[in-house]
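Participant: Return atomic coordinates for the entry below.
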Amino acid sequence: ILGIWLFSLLWTVAPVLGWNRYVPEGNMTACGTDYFSRDILSVSYILLYSVWCYFLPLFLIMWSYWYIIQAVAAHEKNMREQAKKMNVASLRSSENQQTSAECKLAK
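Facilitator: The predicted structure follows:
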């Protein structure tokens, strides 16, 4: 957790220290980073901020979900194989099937 706080502090304090800058937003009620400037400091900050604070976490989440889905699919496959060995017709209980039928009728 300390690492997350330090990471966010780095990206928050950097414009104050001269790497990019904070400017008023459109209606002058809030400040944000200057993404209209084309100087090398502003462009480098926006590009690195985008990669480290948006794309890297996004891909990390997508990668994690991919492996979660793979694990669930493998577990379900194992459960189906076990059900076949036990001569069970369905992995769902009859109570769930009745509830599902009731939900379909309600629609």
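Participant: quick one: the helices in the protein?
Facilitator: Secondary structure of the chain (DSSP state H): helices at 2-13, 40-50, 56-85, 94-106.
Participant: Give me the buried positions along the third one.
Facilitator: For helix 56-85, burial by neighbour count (16 or more other C-beta atoms under 10 Å) applies to no residue. (C-beta placed from N, C-alpha, C; glycine too.)
Participant: can you tell me the average pLDDT over that helix?
Facilitator: Helix 56-85 shows a mean pLDDT of 94.
Participant: quick one: furthest residue from the center of this structure?
Facilitator: Most distant from the centre of the chain: Asn87, at 39.9 Å, with distances by C-alpha atoms, centre = their mean.
Participant: phi, psi of that residue?
Facilitator: Torsion angles at Asn87 (phi, psi; degrees, to the nearest 10) stand at phi 60, psi 40.
Participant: So which residue is dead centre in the chain?
Facilitator: Note: the chain centre (C-alpha atoms, centre = their mean) maps to Ile61, 4.3 Å.
Participant: so what's that residue up against?
Facilitator: Residues near Ile61 by C-beta atoms under 8 Å, 6 or more residues apart in numbering: none.
Participant: Distance check, it against Tyr67.
Facilitator: Using C-beta to C-beta, to the nearest Å, Ile61 is found at 11 Å from Tyr67.
Participant: Could you do Ser37 as well?
Facilitator: Ser37 is 40 Å from Tyr67, by C-beta to C-beta.
Participant: just Tyr22 next, same as before
Facilitator: On the measure of C-beta to C-beta, Tyr22 and Tyr67 end up 38 Å apart.
Participant: Got phi/psi on Thr29?
Facilitator: The phi/psi pair for Thr29 (degrees, to the nearest 10) is phi -110, psi -10.
Participant: And for it, the neighbour number?
Facilitator: Neighbour count of Thr29, defined by other C-beta atoms under 10 Å: 7.
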